[in-house]
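Undergrad: Any chance you could fold what I've pasted below:
(2 chains)
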Amino acid sequence: MIDNLMIFYASPVTALDVLVNGLLIGAIFALTAYGLALVWGVIKIINIAQGEFVILGGYVAFVMAQNGIHPLYSIPVAALLLAIVGWLLYRLIIFRIIDRDLFTSVLATYGIAIVLQQLMNSAFGGDVQLAETGLGTLFLFDYMVSIAQIKIIAFALAAVLAVFLVLFLKNSRMGQAIRATAQNPRAARVLGIDTDRVFAATFALNAAICGAAGALVAMAYTIHPYIGLPYTIRSFMIVVIAGLGNMTGVIVAALGLGAAENFAAFILGTQFQLAFTFSLLVVVLVWRNWRLARKREYLK
Amino acid sequence: MSLTRLLVYLAVLAGAAVAPYFVPQYQSQLTELWLFIVFALTWDLVGGQMGYNSFGNVLFFGIGVYVTAVIQVGLFYDVATYNSARGGGGTVFTFDFTQYALGLAIGLPAGAILAALTAILVGSAVLGMRGQYFAVCTLGLGFAAAQIAAGWDYLGGGSGMVPPTAPDDFINLGLLYYYLSLGLAVVVFAVLSWLYSTRFALAINAIRDDEDKAEAMGHLTTRIKITAWTIAAFFLGIAGGLYGNVKRFIDPIDVAFPSATIGIWMILMAILGGKGTILGPVIGAVIFQITKELFWTYLLGWQRVALGLLIVLIVVFFPEGIVGWWRRRKAPIVETQAS
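TA: Numbering: from 1, shown residues only, chains lettered A, B, ... in the order given. Here you go, the predicted structure:
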C-alpha cells in the first residue's frame, strides 16, 4: 500500500492516468444514478435491480458483437430491449408495490435482481465477458498515461445520452407528465394525467438508460452475471450524496466516485476495489445521518 | 403458557431429538433447518418486532464463521501457514481429541462475543438511520465484509479456508453438530419467547410503531435498538461458527457472507411465516427449507431462479405471512357502516 503511494511521488503523471481513467467511468455511473433518482423521485421506489439492467444491456452488446455486428450499434438495441423488459416488469410486479413501504420495494426488486442474475448465468455462463470494439489505445506523456479510445467514446456517448434525457424530460409531453407526477401525483391525476402510464413509462425509461449504459460498460469494461449489484450501490450512493433531482450534483458525485474508486483500486490493490465501494456507501450513509442528527432532522 | 402448547413443544422437541436415528438420510437437511430457524428468529427480533429491516445480518453470521474457524486452528497452528498449505501437499495439520474439543469450546463463544461487539460498534453508527437508508446501508455492510474477507490473505482470501478436521476416534461429527444446532435453536426460541414477554418487547414494538413517539415517551431508543441487534448478533455468531463446521469449507462470498442466499432467505423465512411473531419465523423456516430442498431435487439447474421468483411472489402477494393470515382469518369480522 505504501509502495503504491510512493509511485505517485516518483512519477506524478501516474496519478493523472488513474484520475482520467476514473473520471471516464464516472460518466456511466452518472447515467445509472440519474435513472435511479428518476424512479425514486417519480414512483417512490428504490430499484435494487438497477445494476442487473446494466449488465443485461451489456449482454445485448456482447451477443451482437459475437454475431459480427459492431457493438456501437447495439446501444439503441439495448435501450429498446431493456425498455420492453422494464415495461413488462412494471406491468407484472412493480405496480403492485407502489403503495407499500419502501422496504417492500427494496426486497421485491432485490428478488427481481436475483432472478435476472440467475437467468443471465444460465443463458451466458458465469465467465467474464466483453464486447470487442477493435479500437486502439491513446497514449499521452511518453506512454505514461494510457486511455483506451473506447472509454473516451463511452464517456462522450454517455454525455450525449444525458443531454437527450434532459431534453426529453423538459420538452416532450411524456417528459412533462413525468415531472408533473414527480412533483405531485395527486394533482397530476386531477389534471388528467394517467399516472399509471407515467409510472410505467418512467420505469421503462430507467431500464432503457441502464441498458444503454450497460452496452457502454460491455464495450469499455467487462461484465459477468453477478457484477450488477455494485452498479446499484454506486447509483444509490451518488443519489444520496447529490440529493434527489439534482442533475449537476449527480454528475459531480459520479465523476468523483469514479476517480475515488480508481485511486482506491490503485493504492489498496484491485481485490479491494469493491470492498472500498461498499464501505464507502456505509461511510456516506453514516456521515449523512450524523449531519442530519446534528440538525435534529430525520428524513423518513 | 397453556398445557396443550407445552405438550406440543415437548412432542416436537422429542421428535427432533430422536430424528437422526429414525430418518438418518435427512440428518444434514435437519441440521440446516435448525440453523435456519435461528436465522429467521434472530432476523425477526430486529426486522419484525423492531421494524428495522436489516439486509446485513450476514455480517454477524460471517464473523462467527471466521472467528470460530480461526480460533479452532489458531490455538495450535499459525493460521496463515495453515491456509496456504491447503492443496500444496506440504505439511498435514492434524488435531487430536482435546485440541478439537478445546478449539470448538473456545471458538464458538469467541465468535459470538466478537459478533456481539461488532453489533454494538456498527449498530451505534448505523441504527440511527431510518427505513430504506438502513436497509441499503446494511446491504452494503454485508457485501463490504464479504469483499474484505475475500481480499484478506490471512483468512485464505478468495479461495477460502477449511475448518480443522476432527481426529478419527472423535465422536460422530454429524450428530454432534445436529445436536448443537438443535440446542441453539431451542435456546434462541426460549430466550426470545421470554424476551417477548418482558417490557423490552413493548419498547421495541413501540419503536416499530412510532419511533419518534417512543422517544418522546422517554425510551432510550438508540440503546434499545443496539441491545436488540446485539442479542441477534450474539446468536448469529454461534450459528455461524456451527454452520462453517457443518459445511466443512468456508468461502468468503458463498458461505461466510452469503447476502444473496442466506442473507435474503432469513428475511423471506420471517415474512413467509409472519413478521413480528414468535412462531412465524419457525413455521416459515420449516416451509422454506422443505421448498428449497424440493426445488433442489426437482428443478435442478433452475433452483436459484425459482427461489428468486419465490422471494418476489411472497413479498408482493403474501406479505402478512402464515401467522398473520391465520390471525386475520380467526379474528372477528367487524362490519362498519362506511364499507
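Undergrad: Write out the residues of the stretch 151-300 of chain A neighbouring chain B.
TA: A:229, A:233, A:236, A:240, A:269, A:271-272, A:274-275, A:278-279, A:281-282, A:285-286, A:288-290, A:293, A:298-300 (C-beta under 8 Å from any C-beta of the partner chain). Quick note: C-beta positions are derived from backbone N, CA and C, even for glycine.
Undergrad: just checking, next helix/strand downstream of the lowest-mean-pLDDT helix or strand in chain B?
TA: The weakest-scoring helix or strand in chain B, judged by mean pLDDT, DSSP states H and E, is helix B:79-85 (a mean of 76). Later in the chain than helix B:79-85, the nearest helix or strand by DSSP states H and E is helix B:97-126.
Undergrad: Name the helix or strand for the most centrally placed residue in chain B, please.
TA: Against the mean C-alpha coordinate of chain B, by C-alpha atoms, centre = their mean, the closest residue is B:Phe39 at 2.4 Å. Assigned by DSSP H and E, B:Phe39 belongs to helix B:27-47.
Undergrad: and that helix, what does it pack onto?
TA: Judged by 3 or more C-beta pairs under 8 Å, 6 or more residues apart in numbering or on different chains; DSSP states H and E, helix B:27-47 is in contact with helix B:3-22, helix B:173-195, helix B:221-247, helix B:262-273, helix B:279-298.
Undergrad: And it, what's buried?
TA: Neighbour counts over helix B:27-47 (16 or more other C-beta atoms under 10 Å in any protein chain shown) mark B:27, B:30-47 as buried.
Undergrad: quick one on the thing from earlier: TSV for the helices and strands packed on helix B:27-47, including mean neighbour count?
TA: Formatted as TSV, the helices and strands packed on helix B:27-47 follow (neighbours: other C-beta atoms under 10 Å in any protein chain shown):
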stretch	mean neighbour count
helix B:3-22	11
helix B:173-195	18
helix B:221-247	24
helix B:262-273	27
helix B:279-298	19
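Undergrad: Export those helices to a markdown table and append columns for distance to A:Val190.
TA: Output for the helices and strands packed on helix B:27-47, formatted as a markdown table (distance: least, C-beta to C-beta, whole Å):
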| stretch | distance to A:Val190 |
| --- | --- |
| helix B:3-22 | 54 |
| helix B:173-195 | 49 |
| helix B:221-247 | 39 |
| helix B:262-273 | 36 |
| helix B:279-298 | 41 |
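Undergrad: Relative to chain A, which of those is closest?
TA: Among the helices and strands packed on helix B:27-47, helix B:262-273 comes nearest to chain A, with 6.4 Å by C-beta to the nearest C-beta.
Undergrad: about what we covered before: mark which of the residues of the stretch 151-300 of chain A next to chain B are buried, thanks.
TA: The neighbour count (16+ other C-beta under 10 Å) marks A:229, A:233, A:236, A:240, A:271-272, A:274-275, A:278-279, A:281-282, A:285-286, A:288-289 as buried among those.
Undergrad: Closest to B:Thr138 out of the residues you listed?
TA: The closest of those to B:Thr138 turns out to be A:Val282 (C-beta to C-beta; 8.7 Å).
Undergrad: who's in contact with B:Pro84?
TA: Actually, residue B:84 is Ser. It isn't Pro. Under the criterion of C-beta atoms under 8 Å, 6 or more residues apart in numbering or on different chains, B:Ser84 has no neighbours.
Undergrad: doesn't A:Ile267 make contact with A:Met1?
TA: Yes. A:Met1 is in contact with A:Ile267 according to C-beta atoms under 8 Å; the separation is 6.1 Å.
Undergrad: Show me which of those two is the more surrounded one.
TA: With neighbours defined as other C-beta atoms under 10 Å in any protein chain shown, A:Met1 and A:Ile267 compare such that A:Ile267 has more, 17 against 9.
Undergrad: Tell me the pLDDT of the more buried one.
TA: Turning to A:Ile267, the model gives it a pLDDT of 87.
Undergrad: so it is in which element?
TA: helix A:247-268.
Undergrad: following that helix, which helix or strand shows up next?
TA: For helix A:247-268, the succeeding helix or strand toward the C-terminus, using DSSP H and E, is helix A:273-294.
Undergrad: Could you name the helices and strands sitting against that next one?
TA: Counting by 3+ C-beta pairs under 8 Å, 6+ apart, helix A:273-294 packs on helix A:228-242, helix A:247-268, helix B:97-126, helix B:131-151.
Undergrad: Out of these, flag the one nearest B:Leu176.
TA: helix B:97-126 (8.7 Å).
Undergrad: Around chain A, pick out the residues from the stretch 51-200 of chain B.
TA: Contact residues (C-beta under 8 Å from any C-beta) of the stretch 51-200 of chain B with chain A: B:53, B:55, B:125-126, B:128-133, B:135-137, B:139-141, B:143-144, B:147-148, B:150-151, B:157-158.
Undergrad: circling back to that earlier point, alpha carbons only: can I get the least confident helix or strand of chain B in PDB?
TA: Extracted C-alpha coordinates of helix B:79-85, given in PDB (Å, rounded to 0.1, in the frame of the first residue of the first chain):
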ATOM      1  CA  VAL B  79      -3.400 -19.600  10.600                       C
ATOM      2  CA  ALA B  80      -1.600 -18.100   7.600                       C
ATOM      3  CA  THR B  81       0.600 -21.200   7.100                       C
ATOM      4  CA  TYR B  82      -2.400 -23.500   7.700                       C
ATOM      5  CA  ASN B  83      -4.400 -21.700   4.900                       C
ATOM      6  CA  SER B  84      -1.500 -21.600   2.500                       C
ATOM      7  CA  ALA B  85      -0.600 -25.200   3.000                       C
END
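Undergrad: how about that helix: buried residues?
TA: Buried residues in helix B:79-85, counted by 16+ other C-beta under 10 Å: B:79, B:82-84.
Undergrad: Quick check: the residue of the stretch 151-300 of chain B nearest chain A.
TA: B:Gly151 (4.0 Å).
Undergrad: contacting residues for that residue?
TA: Counting by C-beta under 8 Å, 6+ apart, B:Gly151 makes contact with A:269, A:271-272, A:275, B:157-158.
Undergrad: Put together TSV for those, with distance to A:Gly26 on each row.
TA: As requested, the contacts of B:Gly151 are arranged in TSV below (distance: C-beta to C-beta, whole Å):
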residue	distance to A:Gly26
A:Gly269	21
A:Gln271	22
A:Phe272	19
A:Ala275	19
B:Gly157	29
B:Gly158	27
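Undergrad: closest to B:Arg208 among these?
TA: Nearest to B:Arg208 among these, with distances taken as C-beta to C-beta, is A:Ala275, at 32.3 Å.
Undergrad: Not counting sequence-adjacent ones, nearest residue to that closest one?
TA: Closest residue to A:Ala275 apart from its sequence neighbours, by C-beta to C-beta, 6 or more residues apart in numbering or on different chains: B:Gln147 at 3.5 Å.
Undergrad: show me where pLDDT drops low in chain A?
TA: In the predicted model, chain A carries pLDDT under 70 at residues A:142-143, A:296-300.
Undergrad: actually chain B, not the one I wrote
TA: B:1, B:86-92, B:169-170, B:332-339.
Undergrad: got a list of what A:Tyr9 touches?
TA: Going by C-beta under 8 Å, 6+ apart, A:Tyr9 touches no other residue.
Undergrad: Quickly note the distance from it to A:Ala265.
TA: Computed as C-beta to C-beta, to the nearest Å, the A:Tyr9 to A:Ala265 distance reads 19 Å.
Undergrad: what does A:Ile84 give?
TA: Distance from A:Ile84 to A:Ala265, by C-beta to C-beta: 35 Å.
Undergrad: In the stretch 51-200 of chain A, what residue spans correspond to strands?
TA: A:137-140, A:145-148 (DSSP state E, counting those that start in this stretch).
Undergrad: re the thing from before, more neighbours: which of A:Ile84 and A:Ala265?
TA: Neighbour tally, A:Ile84 and A:Ala265, criterion other C-beta under 10 Å: the higher count belongs to A:Ala265, 20 against 13.
Undergrad: Give me the three-state assignment for B:Ala260.
TA: coil (DSSP: H, G, I helix; E, B strand; the rest coil).
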